[in-house]
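Novice: Kindly generate the corresponding structure for this input.
(2 chains)
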There are 2 protein chains.
Amino acid sequence: MLHKITSLTVRDVRFPTSLEQHGSDAMHTDPDYSVAYVVLDTDCGLKGFGLTFTVGKGTEIVVCAVEAVAGLVVGKSLQEIVSDFRGFYRLLTSDGQMRWLGPEKGVIHLAIAAVLNAVWDLWARAEGKPLWKLLVDMVSHREFRLDCFFLLPEEHMLKEGYPAYTTSCAWLGYSDQLLKQLCTDALKSGWTKFKVKVGADLEDDKRRCRLMRQMIGPDNTLMIDANQRWDVAEAISWVSSLAEFKPLWVEEPTSPDDILGHAAISKALAPLGIGVATGEQCHNRVMFKQFLQASALQFVQIDSCRLGSVNENLAVLLMAHKFQVPVCPHAGGVGLCELVQHLILFDYICVSGSLGNRMCEYVDHLHEHFTSPVVIHDAHYMPPKDPGYSCEMLESSVQSHQYPEGDVWTLIMNK
Amino acid sequence: MLHKITSLTVRDVRFPTSLEQHGSDAMHTDPDYSVAYVVLDTDCGLKGFGLTFTVGKGTEIVVCAVEAVAGLVVGKSLQEIVSDFRGFYRLLTSDGQMRWLGPEKGVIHLAIAAVLNAVWDLWARAEGKPLWKLLVDMVSHREFRLDCFFLLPEEHMLKEGYPAYTTSCAWLGYSDQLLKQLCTDALKSGWTKFKVKVGADLEDDKRRCRLMRQMIGPDNTLMIDANQRWDVAEAISWVSSLAEFKPLWVEEPTSPDDILGHAAISKALAPLGIGVATGEQCHNRVMFKQFLQASALQFVQIDSCRLGSVNENLAVLLMAHKFQVPVCPHAGGVGLCELVQHLILFDYICVSGSLGNRMCEYVDHLHEHFTSPVVIHDAHYMPPKDPGYSCEMLESSVQSHQYPEGDVWTLIMNK
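Specialist: All right, here's what the predicted structure looks like:
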C-alpha cells in the first residue's frame, strides 16, 4: 500500500461551448472550454485525477507537455513525493532541459499544474479527506498558525458555505433579453454579486452595465471584467466612464504581464472607489509577489490551473495575507470551480479568517460532467465532503468529448 | 510570383552537446542544444527558413505548437502578410482560443517566433537582401529617423563589423585546464571581452573568476552570468563577493520574472560599478518595458527566438533607445548568433548609432550546420551578405540530427 504511481494517462477533452457563446468575452470571442485531463494509476488501485483548463485549440500542445513530464512522476510513490514535495515541485519545474520552455509559465506550467493537481487529488484520497480538509489538518497539526483560529471558521463554513458571485448572467455574446432573464433567475436563487464582461464597445458597455445595475438594484455588488482588452490610458478613461454604475472592481484591465501598468490604473481608479482585480493569467508566484509589492491590485484572483497547483497557490495565499489584500479566486471554465473551492476554504479557515471583500467566482455550467460537482446553496459554495480534489470527471463525459474522436465532435464535424 | 505560402514543415533537431558539457551553466547542467526548425514553401519555389532555440527535452512540444499555428500561415501570400504585418502578428498571438496558452509567453510564443523568423527570412530572400539590410532600407526609405545617420554607420559596419564577446571559454562544466587553453586561444584570435558562468559554488566562482582575470589581464572586459540561480538577497551578497574581479555586469542574477527584484539588485550593485544584464528569458515586450521603467537592468539582452521575432525585437530596440540603455544581444545555442547579428546591426545603423558599452554575444559552436554561418573577424561580427535571415540549415545536418530518428541519435541510443 505504498501508492506507487504506475502510469499516467492524459486526454484532450473539449466542450463545444462556443456554439452558444458561453464564456465569450472581449478577448476570447469563441471559447470551447476544454481540459487536459490526467489520471494517475497506482499499484494499490487508488487513482488520482487532475486537469488543467484550456480554451479549445491548442489543448493538444498541453497534452504533449504532460506526456513530456510524465516520466518524472511515473515510478515514484506518493510517500516519496509528499515527504519532499518542495523537491518534487522543483524537479518538475526546474528540469535542466525543459525549464527553457518556461520557466514556470505558459504551456509547460499548465501541464505541470494538471499533473500536480492529480498528485494532490491522489494524496487527499489516500488520506480519505477532501483536499481542503487535508490542508487544514496538516496546518493545524503542525501548529503552523494560531490553532484557536481553526475550529470556529471551519464550523462556520460547514454550515454557511463560502460566498460566491456569478459570472453566468452577462457573457459578452449574450443578448440583453437573455441577460435580463438570467439575472432575474439568479436574484431569485439568492445571488447578490454579479460580474459583467466589458471592453469591446464603450456605448454597449454602458447600456449593459446600466441594465445590470437596474436589474440588481443599488445594494447588490457589480464587478466588470475587460479580459485584458485595453492599454493603460484606455483602461483608466474607459473605466472612469463606467464609474456611475459603481463597480467594485475592474478585472484584467490590461496585459496580465504589466505590473506597473496595473499599479498606474489602481492609483487612477482609487479615488473613484474602483479596485483592480487580476490573476487568472498571472503565471507564477514571482509575478504575484510584484503585483502585491507594487500595490498593483486590490483583489488577488488565484487560479487552480494557471499556477503550479496547490503548492504555488499556498505561497500566493500567504503573500496576499501578508499584504492584507483579499483573495477572490478565478473560477468557471471546466472544473475550476470544483478545484478552487478547496483553496479558498483553506484560505478562510487557516489564513485570512475574514470574509470582508472576499468571494469566489461561480459559473453555472459543465458541472454535470464531474463525479463530485460543486454544491451551491444560497449563493455559497458548500464545503465538499468526498475525498480528493473534486476533479474526477465522468468517464462517459470524457469519452464523448474527447477531441477529435469523441461522439460530440464527430457529430459536429460531420454536420 | 505572389509568394503564396503553400506548406509549412517543422522538425525536431537536436545536438548532443551535453556529452561534452558545452553550454552548461548553474541552471542548465546538461543542455542538448536544439531547434524547432521551420521551412515555408511557396508557389514560386522560394523558401523561408526559421527556427526557435530549445535545450533538448520538450522540443517536441514546441513542434506541436508550431503545427497548431501553421493553419494561420499556410495559404497566405507574403504580400498579404507584410502589407499588414501588425495584423498578422496579432492574428498569431491573439487567437481567441490559443492565447490562453500564453499569452505571448512560453511554448506558444517560442513557436510563433520560429514561424515569424521563417516569414522574415522569406521576405528578405524575396527582396534579395540580408535581413539587416531589408530593415535598414525600409527605415531609411520611409525617412523614419535622421537619414544622415545611416550611411556612415553602415559603411563602418561593412568594414569593421560589430563587436562581439565570447562565452565559449568558461562554461560551468569546463575544467580549469580547458578554460585556460580556450582563453589563451581566444586572446590570440583578438578577443577582448569574456563571460564566465557562475552561481553553483561561491569558492569555485572565486577561483574561476580569479583565473579568468589573470588570463585576460586588467584591461579586457569580464562579465559573469548566474543563469537565475539566486534569490534577490543572495544575488547581492554573492556578486559583492566577486566584485574584486571587476565584472562589467552580472547576468540573470535571479528569476527572469522578478522585475522589482532586478531593480533592487541593480540599486545595490551600482556603487560597485557592476550592472545587471538580463533578457534571454524575458518573454515579451511588456516585460522589457517594465524592466526599463523600473531601472531594473543596465544591459538589454534581446533574444531572436524568445521574443516574437523581428517584430517584437524592433519594439524593444526602440524602447531601449528611449531609455538610453545599451542592447547587448543574447546569442549562442543553435542559430542564435546567425539570427541576432541582423538585429544588432540594425540597432547600430538605425537606432542607437553608438557602440558604447555595446557588444553581441558569440559562442563558437554548431555554426557548421548552417548554409550561411556567421563570419567573425578579429572578434567582430561581419555583416552577412546572403539574402535572408541566415538560419537555413544544411539538409544533411537536419536529417542526421532529427530527434529521435536521425543517425546521430540512433547511434547514441544504441550505445
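
Novice: For the residue of chain A found nearest chain B, give me its contacts.
Specialist: Across chain A, the shortest distance to chain B (CB to the nearest CB) belongs to residue A:106, at 1.7 Å. All C-beta atoms are positioned from the backbone trio N, CA, C, and that covers glycine. Contact analysis of residue A:106 by CB atoms under 8 Å, 6 or more residues apart in numbering or on different chains lists A:283, B:101-102, B:105-109, B:283.

Novice: Low-confidence stretches in chain A?
Specialist: A:1, A:141-151 (pLDDT under 70).

Novice: quick check: angle from the longest helix belonging to chain A to helix B:106-127?
Specialist: Longest helix in chain A, counting residues (DSSP state H): helix A:106-127. Per axes from the mean of the first three to the mean of the last three CA atoms, to 10 degrees, the angle that helix A:106-127 makes with helix B:106-127 is 160 degrees.

Novice: Neighbours of the closest residue to residue A:366 other than its chain neighbours, how many?
Specialist: Counting by CB to CB, 6 or more residues apart in numbering or on different chains, residue A:334 is the residue found nearest to residue A:366 once chain neighbours are left out, at 5.0 Å. The tally of other residues near residue A:334 (other CB atoms under 10 Å in any protein chain shown) stands at 31.

Novice: And residue A:334, which helix or strand is it part of?
Specialist: Using DSSP states H and E, residue A:334 maps to neither a helix nor a strand.

Novice: hang on, isn't it packed against residue A:368?
Specialist: No. Between residue A:334 and residue A:368 there is no contact under CB atoms under 8 Å: 11.1 Å.

Novice: can you pull the buried residues of the helix or strand that contains residue A:140?
Specialist: Secondary structure assignment for residue A:140, by DSSP H and E: helix A:131-141. Neighbour-count burial for helix A:131-141 flags A:131-136, A:139-140 (criterion: 16 or more other CB atoms under 10 Å in any protein chain shown).

Novice: got the residue ranges for the strands in chain A?
Specialist: A:5-14, A:34-42, A:47-54, A:162-166, A:193-197, A:221-225, A:247-251, A:275-278, A:299-300, A:360-362, A:375-377, A:380-382 (DSSP state E).

Novice: need those strands in CSV with mean neighbour count, can you?
Specialist: Listed next are these as CSV, based on neighbours: other CB atoms under 10 Å in any protein chain shown:
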stretch, mean neighbour count
strand A:5-14, 20
strand A:34-42, 25
strand A:47-54, 28
strand A:162-166, 22
strand A:193-197, 24
strand A:221-225, 23
strand A:247-251, 26
strand A:275-278, 26
strand A:299-300, 24
strand A:360-362, 26
strand A:375-377, 15
strand A:380-382, 20
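
Novice: Quick one: these as TSV, columns for distance to residue A:115 too.
Specialist: Output for the strands of chain A, formatted as TSV (distance: least, CB to CB, whole Å):
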stretch	distance to residue A:115
strand A:5-14	7
strand A:34-42	6
strand A:47-54	6
strand A:162-166	27
strand A:193-197	30
strand A:221-225	29
strand A:247-251	28
strand A:275-278	26
strand A:299-300	24
strand A:360-362	24
strand A:375-377	27
strand A:380-382	25
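
Novice: could you redo these as a markdown table and give each row distance to chain B?
Specialist: Listed next are the strands of chain A as a markdown table, based on distance: least, CB to the nearest CB, whole Å:
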| stretch | distance to chain B |
| --- | --- |
| strand A:5-14 | 10 |
| strand A:34-42 | 9 |
| strand A:47-54 | 6 |
| strand A:162-166 | 22 |
| strand A:193-197 | 14 |
| strand A:221-225 | 15 |
| strand A:247-251 | 16 |
| strand A:275-278 | 13 |
| strand A:299-300 | 17 |
| strand A:360-362 | 16 |
| strand A:375-377 | 25 |
| strand A:380-382 | 24 |
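
Novice: Residue A:341 is nearest to which of those strands?
Specialist: Proximity to residue A:341 (CB to CB) singles out strand A:380-382 among these, at 4.6 Å.

Novice: Partner strands of the closest one, with direction?
Specialist: As defined by DSSP bridges, the strand partners of strand A:380-382 come to strand A:162-166 (antiparallel), strand A:375-377 (antiparallel).

Novice: and the angle from the first one to helix A:131-141?
Specialist: Using the same axes, to 10 degrees, one finds that strand A:162-166 and helix A:131-141 are set 140 degrees apart in direction.

Novice: count of neighbours near residue A:406?
Specialist: 19.

Novice: now residue A:400
Specialist: 16.

Novice: That one against residue A:408, yeah?
Specialist: Yes. Using CB under 8 Å, residue A:400 is in contact with residue A:408, at 5.2 Å.

Novice: For the residue lying closest to residue A:34 once chain neighbours are set aside, list the residues it contacts.
Specialist: Spatial nearest neighbour of residue A:34, excluding adjacent residues (CB to CB, 6+ apart): residue A:14 at 4.0 Å. The contact partners of residue A:14, by CB under 8 Å, 6+ apart, come to A:32-34, A:56, A:59, A:401, A:403, A:409.

Novice: Of those residues, just the buried ones, PyMOL syntax please.
Specialist: Buried residues among the contacts of residue A:14 (16+ other CB under 10 Å), as a PyMOL selection:
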select buried, chain A and resi 32+33+34+56+59+401+403+409
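
Novice: What I need now is the contacts of residue A:14 written out in TSV, including distance to residue A:274 for each item.
Specialist: Formatted as TSV, the contacts of residue A:14 follow (distance: CB to CB, whole Å):
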residue	distance to residue A:274
A:32	32
A:33	29
A:34	33
A:56	32
A:59	35
A:401	39
A:403	39
A:409	42
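
Novice: Which pair of the contacts of residue A:14 spans the longest distance?
Specialist: Greatest spacing in the contacts of residue A:14, by CB to CB: A:33 and A:409 (13.7 Å).

Novice: so who does the nearest residue to residue A:167 once chain neighbours are set aside touch?
Specialist: What sits nearest to residue A:167 in space, not counting adjacent residues and going by CB to CB, 6+ apart, is residue A:195, at 4.5 Å. Under the criterion of CB under 8 Å, 6+ apart, the neighbours of residue A:195 are A:165-167, A:170, A:222-225, A:251, A:361.

Novice: Of those residues, which is the nearest to residue A:49?
Specialist: residue A:361 (21.9 Å).

Novice: Would you confirm that the closest one contacts residue A:327?
Specialist: No. With contacts counted by CB under 8 Å, residue A:361 stays clear of residue A:327, the gap being 11.4 Å.

Novice: Mutual contacts of those two, please.
Specialist: Joint contacts of residue A:361 and residue A:327 (CB under 8 Å, 6+ apart) are residue A:301.

Novice: Centre of the chain to stretch A:212-232, how far?
Specialist: 19 Å (CA atoms, centre = their mean, to the nearest Å).

Novice: how much space is there between residue A:382 and residue A:135?
Specialist: Residue A:382 is 17 Å from residue A:135, where distance means CB to CB, to the nearest Å.

Novice: got it, and residue A:108?
Specialist: 25 Å.

Novice: Since that was my last question, I'll sign off now.
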